[in-house]
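S.K.: Just a sequence and a predicted model for now, questions to come.
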Amino acid sequence: MSDTEQTPAVPAQAAAPAVETVNEREPLLEVDHVTLRFGGVVALNDVDFTLYKGEILGLIGPNGAGKTTCFNAMTGIYQPTEGQIRFLGQKISGKKRHQITRMGMARTFQNIRLFPEMTALENVQVGADAHHKTSVISALLRLPRHWKEEREGREKAERLLEFVGIRNRMHEFARNLSYGEQRRLEIARALATDPKLLCLDEPAAGFNPAEKEELLQLIRQIRDQGVTVLLIEHDMRLVMGVTDRIVVLEFGKKIAEGLPAEVRDNPKVVAAYLGVPDDAA
Ligand SMILES: Nc1ncnc2c1ncn2[C@@H]1O[C@H](COP(=O)(O)OP(=O)(O)OP(=O)(O)O)[C@@H](O)[C@H]1O
């Protein structure tokens with residue numbers, strides 16, 4: 001039996017079933033009437049929604065709708081012009097990115113951001129370092145507790161690489177991995193920070209149908225380990241197949257929110273995607 005079978009790759013948190021009764025659920029992330037302007041551009045206009053613990057929420061919308069800006073506001077890269085974002089009841093605004101990571105939020109990027117000259121294993125260990133407790137001094141003095149932490153970090157990184165399906169590539173430089181493997185590695189690295197919320201920004205971009213299907217399974221497995229997932233994705237089949245609920249943005253405004261089937265049949269959403277004029281919708 002491998003160590004993966006003995007220890008869950010993603011630390012078990014309050015494992016939660018799929019969303020059925022959202023009203024009874026605990027909020028994890030609250031986007032509270034957020035407006036965000038870049039000069040004259042209103043990238044987010046009074047956007048308001050809640051992400052509940054244990055769900056997979058899709059954030060969708062046509063190009064330029066404000067999805068990435070919303071992600072960036074949630075992860076502390078941008079500050080809202082108005083409104084606020086709360087994670088586990090605490091304001092995100094003013095927090096540094098590493099503080100937000102420690103609070104339990106991790107993300108991947110639309111454009112892959114790995115350390116190309118480091119191995120897959122090292123890339124994941126860097127993520128795990130966010131939670132190391134021993135000091136720089138104990139690392140320099142090579143104290144036993146530092147070694148213990150180092151060993152545990154490595155074991156955890158290996159388990160995560162197994163979990164995302166690329167353990168056999170752990171000693172390969174990140175730059176030598178295939179595109180799909182790099183995307184998986186990004187997810188493993190984000191999971192190494194023990195997130196309560198994992199934000200995936202277009203994780204299926206450039207994937208073929210088989211890879212998309214595998215990704216869909218992986219996202220479900222991540223949620224089944226108790227990690228809440230926020231997904232930005234253009235591929236509608238994937239979004240409809242994996243999310244519990246969907247929020248739709250268009251021109252920075254929320255135009256719909258609901259179960260995948262409700263959103264798919266919403267005339268405003270159909271119009272936004274097909275470019276039908278408002279009065280015809
Ligand atoms: N740093 C910035 N400075 C100025 N305008 C910006 C900036 N970032 C985004 N915008 C503008 O804000 C709007 C929303 O962009 P955003 O990238 O969030 O959309 P998106 O829904 O993620 O689009 P896509 O699907 O194409 O990635 C767009 O009009 C964009 O041009």
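M.R.: That came through, no problem.

S.K.: Residues of the protein that sit close to the ligand?
M.R.: Phe38, Val41, Ala43, Gly61, Asn63, Gly64, Ala65, Gly66, Lys67, Thr68, Thr69 (C-beta under 6 Å from any ligand atom). Where C-beta positions appear, they are placed from N, C-alpha and C, glycine not excepted.

S.K.: what helices or strands is the strand or helix carrying Val270 leaning on?
M.R.: Per DSSP states H and E, Val270 falls inside helix 267-274. Judged by 3 or more C-beta pairs under 8 Å, 6 or more residues apart in numbering; DSSP states H and E, helix 267-274 is in contact with strand 245-250, strand 253-258.

S.K.: Comparing those strands, which comes out most buried?
M.R.: Highest mean neighbour count among those (mean count of other C-beta atoms under 10 Å): strand 245-250, with a mean of 23.

S.K.: Just the angle for that strand relative to strand 253-258, thanks.
M.R.: 160 degrees (axes from the mean of the first three to the mean of the last three C-alpha atoms, to 10 degrees).

S.K.: name the helices or strands packed onto strand 245-250?
M.R.: Using 3+ C-beta pairs under 8 Å, 6+ apart, strand 245-250 is in contact with strand 41-52, strand 56-60, strand 253-258, helix 260-264, helix 267-274.

S.K.: Low-confidence ranges, the stretch 151-281 of the chain, go.
M.R.: For the stretch 151-281 of the chain, applying pLDDT under 70 flags the ranges 275-281.

S.K.: now the helices for it?
M.R.: With DSSP state H, counting those that start in this stretch as the criterion, the stretch 151-281 of the chain has helices at 179-191, 209-224, 236-242, 260-264, 267-274.

S.K.: hmm, who's touching the first one?
M.R.: Helix 179-191 has contacts (C-beta atoms under 8 Å, 6 or more residues apart in numbering) with 9-10, 106-109, 112-114, 120, 123-124, 126-127, 157, 160-161, 163-166, 169, 174, 177, 198, 200, 203, 206-207, 211, 215, 218, 222, 227.
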